[in-house]
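# here is my input, please return the structure:
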Amino acid sequence: MRILHTGDWHLGRQFHAVSLHEDHDVVLAQVEEAIAAYAPDVLIIAGDIFDRATPPQTALRRFNDFVRRVGATSGTAIVLIAGNHDSAAQIGMMGVLADPDRSLVRGPLDPEEKPLLLSDEHGPVAISALPFSFEFAARACYGNDDISCPADVLREQVASARRHLPDGARWVVVAHAFVEGASTSEGERPLTRAVGGIETVPSSVFEGAHYVALGHLHRPQAVGAEHVRYAGAPLAFGFDEEGHDKSMTLVDLAADGSVTTTPIPFVPRRRIRTLRGRLAELLAAPEGSDDLIGIVLTDETPQIDPMKRIRRLYPNAVQLAYERNATAGEQRLREGRVALQRPQEVIVNFVGFVREQEISEAERALVETALGDMVVAGEDA
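As a prediction, the model looks like this:
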């Protein structure tokens, strides 16, 4: 069985107020080219199809046109789920008229997670599509008031899906989650609404699955095991993703359930880049660029109207900072992190600031004792 795994398209998203419509057209065309070249049995879109619950009409049309073209030009089945950026109800409605033998579209939760069943020369493959859901909706769906975190939600979904597996079927799970140990990017929204809530889930929750097609995190990566993978987003959505390779994942599922994965690179229409230097040096460049640009000026003094002048060469320059300011901010951040490693000093300094006088030695000893008791309690827990 051959699977093409992608996700986190975020159709309708902008990059610092710059439209990405044409950038999305380019990567969607590359998905279609991969379908034509590799003839996968199924295309998996692992959530965050849209960037927000009420996407613009242009994003809806772009996705609907893509699905129609894939259906008309290939025999590839489609499995897609709602992510945390999507409207579950809207995604669910997309599956109302879909062919149940060639598609599985999952928006809202269902207490009975029935798979899409496909077959190859080695027998059946069951694909369970587990849409993202917040805890309150999962408590109502499964009648379990003990659900308190994303891991609890997924355990209920996986348990329901497991009940519907045919004997001897190889099992593929599609989910939208933050698996422990994975690398993040700045553009990802938290998956829990609880302040201080734990949003990660262990990879062991997917025990028994032969391949786990994940969405949510934007970097292509395996986590916990080689068969538990994020395809990543097709585009970079933050400057922290500068230089990162983007890809979709081609998965070949063997008769024994083992998988071979091959990244298929995306070639973006524009790159995300940071340019650093004095304003005069940047303006002296022989030619400009349509890339999405962040500027870091090394000038010692403020320059006159720098962004307006830079945009004559780089019309998509979207961010400007002076290196001296950025360096000072990074230093304060480092100092703050170091301070957090000495909590007693943080407390002492805070109390002294509020009182406008230093705390006494007796009070300092009380702070040390209280922190020591907390450490002991944590070790005993």
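
# how near is R276 to I295?
Separation of R276 from I295 (CB to CB, to the nearest Å): 8 Å. (C-beta placed from N, C-alpha, C; glycine too.)

# I meant to write D65 there.
From D65 to I295 the distance is 36 Å (CB to CB).

# tell me which of the two has more neighbours.
I295 (22 against 12; other CB atoms under 10 Å).

# so which residues of this protein form helices?
Here the chain has its helices, by DSSP state H, at 21-38, 57-73, 88-94, 135-142, 150-163, 279-283, 306-310, 323-340, 343-355, 361-380.

# what mean pLDDT does the third one get?
When you say that, I think you mean helix 88-94. The average pLDDT for helix 88-94 rounds to 95.

# so how far is that helix off the chain centroid?
20 Å (CA atoms, centre = their mean, to the nearest Å).

# what is it packed up against?
Packed against helix 88-94, as judged by 3 or more CB pairs under 8 Å, 6 or more residues apart in numbering; DSSP states H and E, are the following elements: strand 77-81, strand 103-106.

# from the ones you listed, which stretch is densest packed?
strand 77-81 (a mean of 25; mean count of other CB atoms under 10 Å).

# what's the angle from that one to helix 57-73?
Here strand 77-81 runs at an angle of 150 degrees relative to helix 57-73 (axes from the mean of the first three to the mean of the last three CA atoms, to 10 degrees).

# got the contact list for R102?
By CB atoms under 8 Å, 6 or more residues apart in numbering, R102 lies in contact with 71, 77-78.

# let's see it at 10 Å
R102 makes contacts with 42, 71, 75-79, 116, 118, as judged by CB atoms under 10 Å, 6 or more residues apart in numbering.

# want to throw these into TSV with pLDDT?
TSV is the format used below for the contacts of R102 (pLDDT from 0 to 100):
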residue	pLDDT
V42	98
G71	93
G75	94
T76	97
A77	97
I78	97
V79	98
L116	97
L118	97
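
# please identify which of the residues you listed is nearest to D23.
I78 (22.3 Å; CB to CB).

# just how off-centre is stretch 186-205 within its chain?
On CA atoms, centre = their mean, the centre of stretch 186-205 falls 11 Å from the chain's centre.

# typo on my end, stretch 77-90
Chain-centre distance of stretch 77-90: 14 Å, with CA atoms, centre = their mean.

# stretch 11-27 now?
Centroid separation for stretch 11-27 versus its chain: 16 Å, with CA atoms, centre = their mean.

# using CSV, write out every CA atom in it.
C-alpha atoms of stretch 11-27 as CSV (Å, rounded to 0.1, in the frame of the first residue of the first chain):
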residue,chain,number,x,y,z
LEU,A,11,-4.8,27.8,3.4
GLY,A,12,-5.7,31.4,3.8
ARG,A,13,-2.7,32.3,6.0
GLN,A,14,-0.6,35.4,5.5
PHE,A,15,3.0,36.0,6.3
HIS,A,16,3.3,39.3,8.2
ALA,A,17,0.3,40.6,6.2
VAL,A,18,1.7,39.3,2.9
SER,A,19,-0.7,37.0,1.0
LEU,A,20,0.4,33.4,0.4
HIS,A,21,-2.3,32.6,-2.1
GLU,A,22,0.1,32.1,-5.0
ASP,A,23,2.6,30.3,-2.8
HIS,A,24,-0.1,27.8,-1.8
ASP,A,25,-1.1,27.3,-5.5
VAL,A,26,2.5,26.3,-6.2
VAL,A,27,2.7,23.7,-3.4
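
# what residues sit buried inside it?
Residues of stretch 11-27 classed as buried: 11-13, 15, 20, 23-24, 26-27 (neighbour count, 16 or more other CB atoms under 10 Å).

# do stretch 364-371 as well
Applying a neighbour-count criterion of 16+ other CB under 10 Å, one finds V367 buried in stretch 364-371.

# switch the buried residues of stretch 11-27 over to JSON lines; also include distance to A321.
Formatted as JSON lines, the buried residues of stretch 11-27 follow (distance: CB to CB, whole Å):
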{"residue": "L11", "distance to A321": "30"}
{"residue": "G12", "distance to A321": "27"}
{"residue": "R13", "distance to A321": "23"}
{"residue": "F15", "distance to A321": "17"}
{"residue": "L20", "distance to A321": "22"}
{"residue": "D23", "distance to A321": "24"}
{"residue": "H24", "distance to A321": "28"}
{"residue": "V26", "distance to A321": "29"}
{"residue": "V27", "distance to A321": "29"}
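
# about what we covered before: closest one to L4 among the helices and strands packed on helix 88-94?
Closest among the helices and strands packed on helix 88-94, using CB to CB: strand 77-81, at 10.0 Å.

# for the closest one, output the C-alpha coordinates as CSV.
Taking C-alpha atoms only, strand 77-81 is exported to CSV below (Å, rounded to 0.1, in the frame of the first residue of the first chain):
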residue,chain,number,x,y,z
ALA,A,77,-8.4,7.9,-2.1
ILE,A,78,-8.4,10.9,0.3
VAL,A,79,-8.3,10.8,4.1
LEU,A,80,-8.5,14.1,5.9
ILE,A,81,-9.1,15.3,9.4
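
# quick one: strands adjacent to that strand?
strand 42-45 (parallel), strand 103-106 (parallel) (DSSP bridges).

# can you add distance to V31 and give those strands back as a markdown table?
As requested, these are exported to a markdown table (distance: least, CB to CB, whole Å):
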| stretch | distance to V31 |
| --- | --- |
| strand 42-45 | 8 |
| strand 103-106 | 16 |
